[in-house]
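Trainee: Here is my input; please provide its structure:
(2 chains)
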Number of protein chains: 2
Amino acid sequence: MQRASVQSTSPLSTEDSRWLTLNLVAWTDEEGKSRTWEMIARKTKSKTGVDAVFMLALLRLPETSDGKVVPWTILVEQFRPPIGTYVVEFPAGLVDEEDKSAEDAAIRELYEETGFKASKVLKTSSALASSPAMSSSRTKLVSLQVDLTAEDVDERGNVRLPKQNLDEGEHITRRIVRLDTLKDVLDEYEQSGFIIETRLYAFAVGYSLLSEL
Amino acid sequence: MQRASVQSTSPLSTEDSRWLTLNLVAWTDEEGKSRTWEMIARKTKSKTGVDAVFMLALLRLPETSDGKVVPWTILVEQFRPPIGTYVVEFPAGLVDEEDKSAEDAAIRELYEETGFKASKVLKTSSALASSPAMSSSRTKLVSLQVDLTAEDVDERGNVRLPKQNLDEGEHITRRIVRLDTLKDVLDEYEQSGFIIETRLYAFAVGYSLLSEL
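Mentor: Next up, the predicted model:
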């Protein structure tokens, strides 16, 4: 298995594109003045009102002998052609036409990308603006609980990774991370040449901020 | 002053666009197979290696009588034509050609959008991938400390908002928020019809997660 790489980048017309379209928005500002703004939109449409979901999966490990519960989560690594390198992210995906809800899409995508089956939907956010300066994309954060049993953990305390259910040609690497080490793990990723996805980084900063202040 | 609104949206060709371009990336996957991917890129280029910055501004209020230090931050609200409504976000902006660094851009944009002058750069992230499935955009999170004096706080303990330095036609509303109420404030925004930007939401989830678990 080799590392993926970008060969070339060339302009694409909106008529020839399958997924994305470049648009001009005509809008009226707060003073009643007519203005324009350039934006990108997805050609795909879902019935759920959002284009995509990303998942905070909280693994519930079998209770340890000292009775402590430490939250763990799942990250994914993959080559992202627009960035031209490997990116570490929360699991995420587009909402398909068949998905009846954001939660359905989140559970399906988590299973496909990581092999883990969600036990419970903990919370679903409202529709969030992913990149409001340039895109109409709306996304939801779905927090999922994944219950593990003693068989899912090996004798050294590491979580056994289940079989993934990837599409043809998809290559996604999984990483199980204790939340209290997330910031350090992201620093390691950065030092080994990965790019960190912004929402994951913002989450990690928020999570670690209390202890840093 | 009226509310801004979208009048219409129409396709735009890459040749006619000033800010954004639609591209096709030719790439080689992990199995050596040639593939393509659609993506958006900004036409603007900065010398800093990132397109944009967003800012976590931590206000340092004069010490209260009980000696407690509570962190506060600054949010901004503005109409975002790609989303078609008002969005609440961290202060943010594009890196200009004149900006020598991401920190320069962050300090300048914070001053322009909010009127607050940064006292200190606390931390700058690596280049993060804003939307790696569809955009080449890279952004940095710059954490800034803003020191306030007794004159910046009124007799009721509220922070006096300084004069903004907005571009012509820009309309940005500021909101000072205690971090331990951020999640509740975002819920209120949502209930009053605002859309929340994803990175801000992810930060708030991370910040409040410890207390929720």
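
Trainee: C-alpha only now, for contacts and for neighbours.
Mentor: Fine.

Trainee: give me every residue that touches the spatially closest residue to residue A:193 that is not a sequence neighbour.
Mentor: Nearest residue to residue A:193, sequence neighbours excluded (Cα to Cα, 6 or more residues apart in numbering or on different chains): residue A:86, at 7.9 Å. Applying Cα atoms under 8 Å, 6 or more residues apart in numbering or on different chains to residue A:86 gives the contacts A:77-80, A:193-195.

Trainee: got those residues as TSV, with pLDDT columns?
Mentor: Listed next are the contacts of residue A:86 as TSV, based on pLDDT from 0 to 100:
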residue	pLDDT
A:77	98
A:78	97
A:79	98
A:80	98
A:193	95
A:194	98
A:195	98
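
Trainee: Mind checking which of those are in strands?
Mentor: Among these, the residues falling in strands (DSSP state E) are A:77-80, A:195.

Trainee: which among those are in contact with chain B?
Mentor: A:80, A:195 (Cα under 8 Å from any Cα of the partner chain).

Trainee: Only the buried subset of the ones in strands among the contacts of residue A:86, as a PyMOL command please.
Mentor: Those of the ones in strands among the contacts of residue A:86 that count as buried under 16 or more other Cα atoms under 10 Å in any protein chain shown are selected in PyMOL with:
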select buried, chain A and resi 77+78+79+80+195
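
Trainee: Low-confidence stretches in chain A?
Mentor: Chain A contains residues with pLDDT under 70 at A:63-70, A:210-213.

Trainee: Give me the domain ranges for it.
Mentor: Per automatic domain parsing, the domain ranges recorded for chain A read A:12-43, A:49-212.

Trainee: how deep is the closest residue to residue A:82 other than its chain neighbours tucked in, by neighbour count?
Mentor: Once flanking residues are discounted, residue A:82 sits nearest to residue B:136: 4.7 Å by Cα to Cα, 6+ apart. Neighbours of residue B:136 under the rule other Cα atoms under 10 Å in any protein chain shown: 21.

Trainee: repeat for residue A:145
Mentor: 19.

Trainee: repeat for residue A:179
Mentor: Around residue A:179 sit 20 other residues, with neighbours defined as other Cα under 10 Å.

Trainee: where do the helices sit along chain A?
Mentor: A:102-114, A:182-191, A:198-212 (DSSP state H).

Trainee: Please identify the deepest-packed of those helices.
Mentor: Of the helices of chain A, the one with the most neighbours on average (mean count of other Cα atoms under 10 Å in any protein chain shown) is helix A:102-114, at a mean of 23.

Trainee: what packs against it?
Mentor: strand A:52-60, strand A:92-94, strand A:120-124, strand A:138-147 (3 or more Cα pairs under 8 Å, 6 or more residues apart in numbering or on different chains; DSSP states H and E).

Trainee: if we can go back for a sec, just send the domains of chain A back as TSV, with distance to residue B:51 too.
Mentor: Formatted as TSV, the domains of chain A follow (distance: least, Cα to Cα, whole Å):
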stretch	distance to residue B:51
domain A:12-43	16
domain A:49-212	12
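
Trainee: Any idea how many residues pack against residue A:4?
Mentor: Neighbours around residue A:4, by other Cα under 10 Å: 22.

Trainee: In contact with it, which residues are there?
Mentor: A:79, A:85, B:27-30, B:32.

Trainee: ok, and the closest non-adjacent residue to it?
Mentor: In space, residue A:4 is closest to residue B:29, 4.5 Å off (Cα to Cα, 6+ apart).

Trainee: Measure how buried the one you found is and give me the count.
Mentor: 21.

Trainee: From residue A:201, how far off is it?
Mentor: Using Cα to Cα, to the nearest Å, residue B:29 is found at 26 Å from residue A:201.
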